[in-house]
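S.K.: turn this into a structure:
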Amino acid sequence: MTRDVLVVQNSRSGGPGRLGGWLEEAGLRLDVVHAYDGRPMPHRLEHDALIVLGGGYLPGDDHRAPWLAPTRKLVAEALAGEVPLFGVCLGGQMIAEVAGGEVTADAGAPENGSLPVTIRAEAAGDPLFHDLPPVVPAVEHHVDAITALPPGAVWLAETESCPYQAFRVGDRAWGVQFHPEVLPARIREWRADGFDPDEVYARAVADEPVSTPIWRQVALRFADLV
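M.R.: You can find the predicted model right below:
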């Protein structure tokens, strides 16, 4: 039986990218809601999994993005019902906040481009992050950050500038600060003050052959869980 995944897209250019391709490769069917464009959000979570993508908002920026309130409700439903849940950047921050953690605007140093993410010892027993290399390149693009994990969350990965790069809540919900769905070409579309765009792009191109098979493996593990 085909499993359906609800994907909430929070910006025009922030689609599921290669993450969506990997999940479809594993046999999942994606139902992408272009929430940024005013598409109606489901009133209840009736899908087999939920993915919340990134966007230039804080999780509670309802005055700027009114669809965030119903998205938080769906995240709460997924957490309560142990429905497989994965959040990217804003999506990861939303999971943290809904589960009782804290997200802070302009927290610490901004991160942009492909950076080394350290996999913590706690990841050894994690369904998605177990047996990954000690350090994995991942694409970053954020100034806001999670500043306190939810009670009981498992801290899975970190960087020096932004400690909470990946975490798990319960047995079936993961949040990441980085962008496993993004290829280097997307970085060309981002504006980030204080970063040399050519240098940032070149580093991402160099890291992509290393990072791609690792994040594909994580995506396929999530698909297996679904």
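S.K.: now for the top helix by length along the chain, which elements pack on it?
M.R.: Among all segments of the chain classified by DSSP state H, the helix with the greatest residue count is helix 197-225. Where contact means 3 or more CB pairs under 8 Å, 6 or more residues apart in numbering; DSSP states H and E, helix 197-225 is packed against helix 17-25, strand 111-119, strand 135-142, helix 184-187. C-betas here are computed from N, CA, C, even on glycine.
S.K.: out of these, deepest packed?
M.R.: Among those, strand 135-142 has the highest mean neighbour count (mean count of other CB atoms under 10 Å), at a mean of 23.
S.K.: now the longest helix of the chain: buried residues?
M.R.: Applying a neighbour-count criterion of 16 or more other CB atoms under 10 Å, one finds 200-201, 203-204, 207-208, 211, 214-216, 218-219, 222-223 buried in helix 197-225.
S.K.: give the rounded mean pLDDT of it.
M.R.: Helix 197-225 shows an average pLDDT of 95 in the prediction.
S.K.: report the angle between the axes of it and helix 17-25?
M.R.: 20 degrees (axes from the mean of the first three to the mean of the last three CA atoms, to 10 degrees).
S.K.: helix 197-225 vs strand 135-142, what angle?
M.R.: For helix 197-225 against strand 135-142, the angle by the same axes, to 10 degrees is 110 degrees.
S.K.: quick one: residue 179 and residue 140 touch, right?
M.R.: Yes: using CB atoms under 8 Å, residue 179 makes contact with residue 140 at a distance of 7.0 Å.
S.K.: the residue nearest to residue 75 when sequence neighbours are not counted: what's it in contact with?
M.R.: If the residues on either side of it in the chain are set aside, residue 75 comes closest to residue 98, at 4.8 Å by CB to CB, 6 or more residues apart in numbering. Contacts here follow CB atoms under 8 Å, 6 or more residues apart in numbering; on that basis residue 98 touches 59, 72, 75, 76, 79.
S.K.: and the pLDDT at residue 102?
M.R.: For residue 102, the pLDDT comes out at 98.
S.K.: thinking again about what came up before, and of the helices and strands packed on helix 197-225, who's closest to residue 151?
M.R.: Across the helices and strands packed on helix 197-225, residue 151 has its closest neighbour in strand 111-119 (22.5 Å, CB to CB).
S.K.: what packs against the closest one?
M.R.: Packed against strand 111-119, as judged by 3+ CB pairs under 8 Å, 6+ apart, are the following elements: strand 135-142, strand 154-158, helix 184-187, helix 197-225.
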